[in-house]
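J.: what follows is a predicted protein model with its sequence.
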Amino acid sequence: MKIGIFTNNYLPNPYGVTGSIESFRKDLEASGHEVFIFAPNWKGYVDENPNVFRYPSLTLPIKFKFPLAIPYSRKMDKIISELDLDIIHSQHPVLLGSAAKKWAKKKEIPLIFTWHTLYDHYTNFVPFLPKKFVAWKAISKSVKYTNFCDQIIAPSESAKEIIKNWGVEKNIKALSTGVDEGIFLNAKGDGLRKEYGVKDDEVLLLLVSRITEEKNIGFLFKSVLEVVRENEKAKFLIAGGGYLLEGLREKVKQEKLEEKVFFSGEVKKEEVKNFYAAGDLFVYASKSETQGMIISEAMYMGLPVVAVEATGIKDAVKNNVSGFLVKENKNDFKNAIEKIVNNSDLRKRMGEEGRKIVKENYTAKVCAQKLLGIYKTSIENFKK
């Protein structure tokens, strides 16, 4: 099978959509299929994969680097026209999503769309316009696009229910992105614990995330800071970059907690495994997820999780088994963390349960086979 993936978000951007595409691509190719990726040009970045093709793009002065694709290119039109694609998989409803729609129609092949994002949580990236208007516009445009597609994929059951309520009428299947087991081999956390001065008998709380507003960083930071301030055995490591980072650093200095709260900055994908290996407990408060990719990775690496109960996250974490899901309440969040910090047996048991859940349900190999089944059914139905 020859599969065309159109995405506005791809390497070297380290965020969720990129991880999803790469996870599926590797296992689809390992199964003997060809995957062609169409993405925006990223100035200065050279693709190692010969099946990645770049549309021209603009880099706008927004809060983090994110080139915007220009979905018109004679060069790209020639390349795509010569590819004998069997199916097109769009990752976004706009920009290269429109190119995906155009080419699926021209080639008379199925168009699959994965609804990755809860757009009402990302209005902070659009300046000057009212947030409610931006959210309504993004959702209504996405619903219109979605209802044109032949098959819709939601990254979790809870996300599926939300987009149905927004007006999506077509058939929707829930399919999460699987954990790429290969990138977590030979993880070593001792070096990081030594670097940040975390002793063997101390408990390292870990956050791996983009440090931006939609990740609910403010709530999480206040809650965790209380834990590390009151518990002499608890320390906190934040891995990731974002426009809120400097403010958090300043807060730590004001609180005189530099020896207990650490910032690594942006982390390369191949190095993330070492951060999981160094940690003892994963904390997360985002309410903007459609799935729990980062949570699944943490659980795969044996970390119990404390998270705000929200869309996507509640599909990944089994409450009271692999961690605790709590309401967005500072005391509840803090108390859940302290239960795990203060009980090494509970930490171990929840970590083992989480790893077992991911191994059985959320590895890349398992999820890629499910995606392949969706592709095959879509092609069969399209030909009827």
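T.: Received, thanks. Numbering: from 1, shown residues only.
J.: where's the residue lying closest to residue 278 once chain neighbours are set aside relative to residue 254, distance?
T.: Of all residues not flanking residue 278 in the chain, residue 189 sits nearest, at 3.2 Å (Cβ to Cβ, 6 or more residues apart in numbering). Bear in mind the C-beta positions are built from the backbone N, C-alpha and C, glycine included. Residue 189 sits 29 Å away from residue 254, taking Cβ to Cβ, to the nearest Å as the criterion.
J.: who has more neighbours, these two?
T.: residue 189 (19 against 8; other Cβ atoms under 10 Å).
J.: the more buried one against residue 272, yeah?
T.: No. With contact defined as Cβ atoms under 8 Å, residue 189 does not count as touching residue 272 (11.3 Å).
J.: please parse this structure into its domains.
T.: Listed by automatic domain parsing, the domain ranges of the chain are 2-178+363-383, 181-361.
J.: hey, least reliable of those by pLDDT?
T.: Ranked by mean pLDDT, the domains of the chain bottom out at domain 2-178+363-383, with a mean of 90.
J.: distance between that domain and the chain's centre?
T.: The chain centre lies 14 Å from the centre of domain 2-178+363-383; the measure is Cα atoms, centre = their mean, to the nearest Å.
J.: how about stretch 371-384?
T.: Using Cα atoms, centre = their mean, the offset of stretch 371-384 from its chain centre is 26 Å.
J.: may I see the buried residues of it?
T.: 371, 372, 374, 375, 378, 379, 382 (16 or more other Cβ atoms under 10 Å).
J.: and these, which of them are in helices?
T.: Members of these lying in helices (criterion: DSSP state H): 371, 372, 374, 375, 378, 379, 382.
J.: ok, the residue nearest to the last one when sequence neighbours are not counted to residue 216 distance?
T.: To tie it back to what came earlier, the one meant is residue 382. Of all residues not flanking residue 382 in the chain, residue 110 sits nearest, at 4.4 Å (Cβ to Cβ, 6+ apart). In this view, residue 110 and residue 216 are 36 Å apart by Cβ to Cβ.
J.: who's more crowded, those two?
T.: residue 110 (22 against 19).
J.: correct me, but the more buried one touches residue 152?
T.: No. If you go by Cβ under 8 Å, residue 110 and residue 152 don't touch, sitting 11.6 Å apart.
J.: quick revisit: and the residue nearest to residue 278, what is it in contact with?
T.: Contact analysis of residue 189 by Cβ atoms under 8 Å, 6 or more residues apart in numbering lists 274, 275, 276, 277, 278, 279.
J.: how about a cut-off of 10 Å?
T.: Applying Cβ atoms under 10 Å, 6 or more residues apart in numbering to residue 189 gives the contacts 198, 204, 206, 273, 274, 275, 276, 277, 278, 279, 280, 301.
J.: which phi and psi values does the residue nearest to residue 382 adopt?
T.: Dihedral pair for residue 110: phi -70, psi 150, per degrees, to the nearest 10.
J.: list the contacts of it.
T.: Residue 110 touches 86-89, 104, 149-151, 374-375, 377-383, counting by Cβ under 10 Å, 6+ apart.
J.: picking that back up, from residue 292, how far out is the residue nearest to residue 278?
T.: 21 Å.
J.: leaving out sequence neighbours, find the closest residue to residue 318.
T.: residue 357 (6.3 Å).
J.: just checking, the one you found touches residue 298?
T.: No. Between residue 357 and residue 298 there is no contact under Cβ atoms under 10 Å: 11.8 Å.
J.: quick check: neighbours shared by those two?
T.: 316, 317, 322.
J.: and which of those is nearest to residue 366?
T.: Nearest to residue 366 among the shared contacts of residue 357 and residue 298, counting by Cβ to Cβ, is residue 316 at 14.1 Å.
J.: so that closest one makes contact with residue 309?
T.: No. Taking Cβ under 10 Å as the definition, residue 316 is not a contact partner of residue 309, at 11.2 Å.
J.: shared neighbours, those two?
T.: Between them, residue 316 and residue 309 share the contacting residues 158, 325, judged by Cβ under 10 Å, 6+ apart.
J.: neighbour count: those two, which is higher?
T.: Legend: neighbour count by other Cβ under 10 Å for residue 316 and residue 309, higher for residue 316 (30 against 16).
J.: intersection of neighbour lists for residue 110 and residue 152?
T.: Residues touching both residue 110 and residue 152 (Cβ under 10 Å, 6+ apart) are residue 374.
J.: more neighbours, residue 357 and residue 298?
T.: Regarding residue 357 and residue 298, a neighbour count based on other Cβ under 10 Å identifies residue 298 as having more, with 34 against 18.
J.: before we move on, what SS does that one have?
T.: helix (DSSP: H, G, I helix; E, B strand; the rest coil).
J.: okay, it and residue 87: tell me how far apart.
T.: With Cβ to Cβ as the criterion, residue 298 and residue 87 are 32 Å apart.
J.: mind listing the helices for the stretch 151-300 of the chain?
T.: For the stretch 151-300 of the chain, the helices defined by DSSP state H, counting those that start in this stretch cover 157-165, 190-195, 217-230, 245-255, 272-278, 293-300.
J.: which one of those helices is the most hemmed in?
T.: helix 293-300 (a mean of 27; mean count of other Cβ atoms under 10 Å).
J.: for that one, name the packing helices and strands.
T.: helix 16-30, strand 203-208, helix 272-278, strand 281-284, strand 305-308, helix 313-316, strand 323-326, helix 344-361 (3 or more Cβ pairs under 10 Å, 6 or more residues apart in numbering; DSSP states H and E).
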